[in-house]
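whatever this is, show me its structure:
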Amino acid sequence: MRKRTDQIRRTVLILPLVLSGVVLLFDGLAFAGPEMSPAQLAQRYADTYEKVVKEAEAGGGVPDIKGDPRLQAMAQELEMALRGKPEEFGRAVSDELEKRLMPLQRAATKLFEQKRMADEQRERDYLRNRDQRPLASMFSKDETVAERFDKAMKKLAERCAKTPPKPGTTDCDPLKLKPADPLATEEGRFAHSIKIPNLVPEDSGYKPGMTTKEYFEHLCKTEAGEFIFKTIEDVEGIYQMRPRVMATDYEMMHLYALEDPYNAYETLSENSYVNPQYAGAVKTKDITKRAYRLYKPDQNYKFLEKPIPASLQNPADGAKYLRYTRPNTDKLVFENGQYIYPGDQQPPMVEERVKDYKSRYGFTWRGITRPHDRELGIAGGEVIILDLQTNEVLAVRRGYAASSGKNKETVAGIWWLSAAKCPQAMPGIEPSFIHKVLKPSKAAN
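Prediction:
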């Protein structure tokens, strides 16, 4: 689904490359060719382009504008036809091309939007089916998730003891995993020491005999959600107090190895906060800039900071933190109220080692332990945003995940990525929540 969406997006973005490439071609050649009007030359190319698009659409595919051999041949033919012609003639052809190709770009953009909305709907349907309908059939009172997990791990231990693994194999590696220790690091100890305004109640609402489905739905109804107590405007930078580590597949299959399975895949890079790419269309009348990309300094932070693990600190420089700073926008093109840059020249993010952080606001995370939660295949997690000077908690996002423990594709039936979750948990939701609370400065530099 996402692969197809990406293909369509690439198709939409390639058309401006065709237009700007033609203009550059006109500017750099001494034109010559057969006696054809600019309109005729442009129409020949547009006819071929339209044919490629219609064939792809009829076959349920996506046109390969950049790599189709017919369009490549037409571009070469166009080059030969324009040699020896004056620059004004080439400009006229360029104008005719724009006139004929831009409607096709709009059609491709509309197609992309339709596919994007269809993909999003399928995603919502998938999440609804995963989070609701399967629960009744997946969870039962006959045997707890922990009991099934323990049985499976016992069988694995017996098998590995009887037939030791060969060198290079990982079949027995799950036995090496231990329950997560939330207090093993300084960052973890601090996260769990934070007192938030809406602490989970001591009484979780668990009743003996509850199924995973019943308990999970109760926690979703009474404890899960986004809780914003205060928002901050014009935030220049943020401190990622407890960077996440990408979970391994075996950790995703383990009932106890992850502290926060609910947010297990929220490991987006610094670029997501400081230097993301944007896919929106550039507004410009200069067709040489149709291939440019948008840069939105008012929608991302100027810098992000995070601690350097003690094992990677160097006494020589005394640095304890990494600071990632977005590029200076002075070198970008500002036009029609937007910053733009050539598509293949995104300004690089700057990384530096520093002794102290300068962020006023930060965010961290911690797992939640509720009575009988892992026993029933349930795990929770919180993202906490706070003022680093006053320790005031500005917002909390709390969610729960429930695994049936019956996944036949994993070692012991656990696969946290496909677990039911509330509220919805997908890559990128955590940064989106942080942006709601800590609103980036609108200043360009």
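
can you map out the strands along this structure?
Remark: strands assigned in the chain by DSSP state E are 225-228, 232-235, 237-240, 292-295, 303-307, 321-325, 333-335, 338-342, 350-354, 361-368, 378-387, 393-402, 420-422, 438-440.

to Ala146, which of those strands lies closest?
Shortest distance between Ala146 and the strands of the chain, using C-beta to C-beta, is found for strand 378-387: 10.4 Å. From N, CA and C alone the C-beta is placed, and that goes for glycine too.

and that closest one, how far out from the chain middle?
Strand 378-387 has its C-alpha centroid displaced from the chain centroid by 19 Å (C-alpha atoms, centre = their mean, to the nearest Å).

from here on, call the first residue 50.
Okay, residue one is now 50; in that scheme the one you just asked about reads as strand 427-436.

list the helices and strands it packs on?
Applying 3 or more C-beta pairs under 8 Å, 6 or more residues apart in numbering; DSSP states H and E, we find strand 427-436 packed against helix 261-271, strand 410-417, strand 442-451, helix 478-486.

and that strand, average pLDDT?
Averaged over strand 427-436, pLDDT sits at 96.

check stretch 224-244 too.
Summarised as a single mean, pLDDT over stretch 224-244 is 95.

next, the buried residues of it.
Residues of stretch 224-244 classed as buried: Leu226, Ala229, Pro231, Glu236, Gly237, Ala240 (neighbour count, 16 or more other C-beta atoms under 10 Å).

determine how far it lies from the middle of the whole chain.
Worked out by C-alpha atoms, centre = their mean, stretch 224-244 lies 26 Å from the chain centre.

could you tell me the end-to-end distance of it?
35 Å (C-alpha to C-alpha, to the nearest Å).

again with stretch 428-447
Termini of stretch 428-447 sit 11 Å apart (C-alpha to C-alpha).

equivalent analysis for stretch 289-296, please.
End-to-end for stretch 289-296, by C-alpha to C-alpha: 18 Å.

now swap in stretch 357-366 and tell me
End-to-end distance of stretch 357-366 (C-alpha to C-alpha): 12 Å.

now do stretch 124-137
Start-to-end, stretch 124-137 (C-alpha to C-alpha) is 19 Å.

now that stretch: how far from the chain's centre is it?
Offset of stretch 124-137 from its chain centre (C-alpha atoms, centre = their mean): 43 Å.

pLDDT on that stretch, on average?
On average, the pLDDT along stretch 124-137 is 73.

can you give me the buried ones in it?
Result for stretch 124-137 [16+ other C-beta under 10 Å]: buried residues Glu126, Leu127, Glu128, Ala130, Leu131, Lys134.

distance to Pro87 for those residues - can I get that in a markdown table?
Conversion of those to a markdown table gives the following (distance: C-beta to C-beta, whole Å):
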| residue | distance to Pro87 |
| --- | --- |
| Glu126 | 15 |
| Leu127 | 11 |
| Glu128 | 15 |
| Ala130 | 10 |
| Leu131 | 10 |
| Lys134 | 9 |
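
need the buried residues of stretch 224-244 in JSON lines (columns: distance to Pro391).
Below are the buried residues of stretch 224-244 laid out as JSON lines (distance: C-beta to C-beta, whole Å):
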{"residue": "Leu226", "distance to Pro391": "47"}
{"residue": "Ala229", "distance to Pro391": "45"}
{"residue": "Pro231", "distance to Pro391": "46"}
{"residue": "Glu236", "distance to Pro391": "39"}
{"residue": "Gly237", "distance to Pro391": "43"}
{"residue": "Ala240", "distance to Pro391": "42"}
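
how is the chain divided into domains?
51-179, 191-319+408-489 (automatic domain parsing).

rewinding a little: what is the nearest of the buried residues of stretch 224-244 to Tyr406?
Glu236 (12.9 Å).

not counting sequence-adjacent ones, nearest residue to that closest one?
In space, and not counting its chain neighbours, Glu236 is closest to Arg291: 4.1 Å by C-beta to C-beta, 6 or more residues apart in numbering.

in contact with Gly448, which residues?
Ala273, Tyr311, Asn312, Gly429, Gly430, Lys470, Cys471, Pro472, Ala474 (C-beta atoms under 8 Å, 6 or more residues apart in numbering).

what of Leu425?
Leu425 neighbours (C-beta under 8 Å, 6+ apart): Thr193, Val194, Ala195, Met259, Thr260, Thr261, Tyr264, Phe265, Ala451.

distance of it from Ala141?
Taking C-beta to C-beta, to the nearest Å as the measure, Leu425 falls 72 Å from Ala141.

contacting residues around stretch 241-250?
Contact partners of stretch 241-250, identified using C-beta under 8 Å, 6+ apart, comprise 231-232, 272, 276, 278, 413, 415, 417, 419, 431, 433, 435, 440, 442, 445, 447.

what's the most distant pair in those residues?
Leu232 and Phe278 (25.8 Å).

quick one on the thing from earlier: redo the helices and strands packed on strand 427-436 as JSON lines? Include mean pLDDT.
Formatted as JSON lines, the helices and strands packed on strand 427-436 follow (pLDDT from 0 to 100):
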{"stretch": "helix 261-271", "mean pLDDT": "94"}
{"stretch": "strand 410-417", "mean pLDDT": "96"}
{"stretch": "strand 442-451", "mean pLDDT": "96"}
{"stretch": "helix 478-486", "mean pLDDT": "88"}
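
looking at those, which is buried most?
Of all the helices and strands packed on strand 427-436, strand 442-451 carries the top mean neighbour count, a mean of 24, counting by mean count of other C-beta atoms under 10 Å.

okay, the angle between that strand and helix 478-486?
For strand 442-451 against helix 478-486, the angle by axes from the mean of the first three to the mean of the last three C-alpha atoms, to 10 degrees is 150 degrees.

relative to the whole chain's centre, how far out is strand 442-451?
From the chain centre to the centre of strand 442-451 is a distance of 19 Å (C-alpha atoms, centre = their mean).

cool, stretch 226-245 as well?
Remark: stretch 226-245 is offset 26 Å from the chain centroid, using C-alpha atoms, centre = their mean.
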